[in-house]
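J.: coords please:
(one chain, ligands or ions: 2)
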Amino acid sequence: MADCLFCKIVGGSIPSERVAETERILAFRDINPAAPTHVLLIPKEHVADSAEQLHGEHGLMLAELFGLAAEIAAEAHLEEGWRLVTNVGAGAGQSVFHFHVHLLGGRPLGWPPG
Ligand code: 5GP
Ligand code: ZN
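T.: Residues are numbered from 1 along each chain as shown. Ligands and ions are numbered 1, 2, ... in the order given. As a prediction, the model looks like this:
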């Protein structure tokens, strides 16, 4: 999608600190980290603006995303616990409308979140 920040990160016209990737998923560090480990995992293709647009056809992509998140968490030694979050809509804090999942860890994570 031409005017999408995360599509530009996938394409490389906006730089990012890449952490890992698979065929369908790119993982890079959040520019404004909310925890010592704060990685964003996104599908390389703009298949959805947010999680509310996901369907069965996205199953493989989502499985790949979750698997890569677990690998990154293991690599970062987040044995104390980590969290995956996806914000849906501006009211929930979504600011980039290319589906993405936040991986947070490296500090105590309260529950429920604020
Ligand atoms: P959302 O608020 O939509 O759930 O998450 C979007 C995230 O993207 C935010 O945590 C924000 O800090 C991050 N972000 C915004 N612009 C950039 C950027 O240019 N590069 C990187 N790496 N992260 C960004
Ligand atoms: Zn996009």
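J.: From here on, just use CA atoms for contacts and neighbour counts.
T.: Will do.
J.: what comes up buried for the helix ranked longest in the chain?
T.: Assignment by DSSP state H gives helix 59-75 as the longest helix of the chain. Neighbour-count burial for helix 59-75, counted by 16 or more other Cα atoms under 10 Å, picks out M61, L62, E64, L65, F66, L68, A69, A70, I72, A73.
J.: got these as CSV, with pLDDT columns?
T.: As requested, the buried residues of helix 59-75 are exported to CSV (pLDDT from 0 to 100):
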residue, pLDDT
M61, 98
L62, 98
E64, 98
L65, 98
F66, 98
L68, 98
A69, 98
A70, 98
I72, 98
A73, 98
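J.: can you list those in CSV and add distance to ligand 1?
T.: Converted to CSV, these look like this (distance: Cα to the nearest ligand atom, whole Å):
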residue, distance to ligand 1
M61, 19
L62, 17
E64, 19
L65, 16
F66, 17
L68, 17
A69, 16
A70, 19
I72, 16
A73, 18
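J.: between these, which is closest to ligand 2?
T.: Nearest to ligand 2 among the buried residues of helix 59-75, counting by Cα to the ion, is M61 at 14.9 Å.
J.: hey, where'd the strands end up in this structure?
T.: 18-21, 25-29, 37-43, 82-85, 101-105 (DSSP state E).
J.: The fourth one close to ligand 1?
T.: No. Counting by Cα under 6 Å from any ligand atom, no contacts exist between strand 82-85 and ligand 1, the nearest distance being 8.0 Å.
J.: Neighbouring strands - and their directions - for that strand?
T.: Partners of strand 82-85 in the sheet, by DSSP bridges, are strand 101-105 (antiparallel).
J.: Show me what counts as buried in the strand it pairs with.
T.: V101, H102, L103, L104, G105.
J.: Residues touching it, excluding its own?
T.: Applying Cα atoms under 8 Å, 6 or more residues apart in numbering, the external contacts of strand 101-105 come out as 34-42, 69, 73, 78, 81-87.
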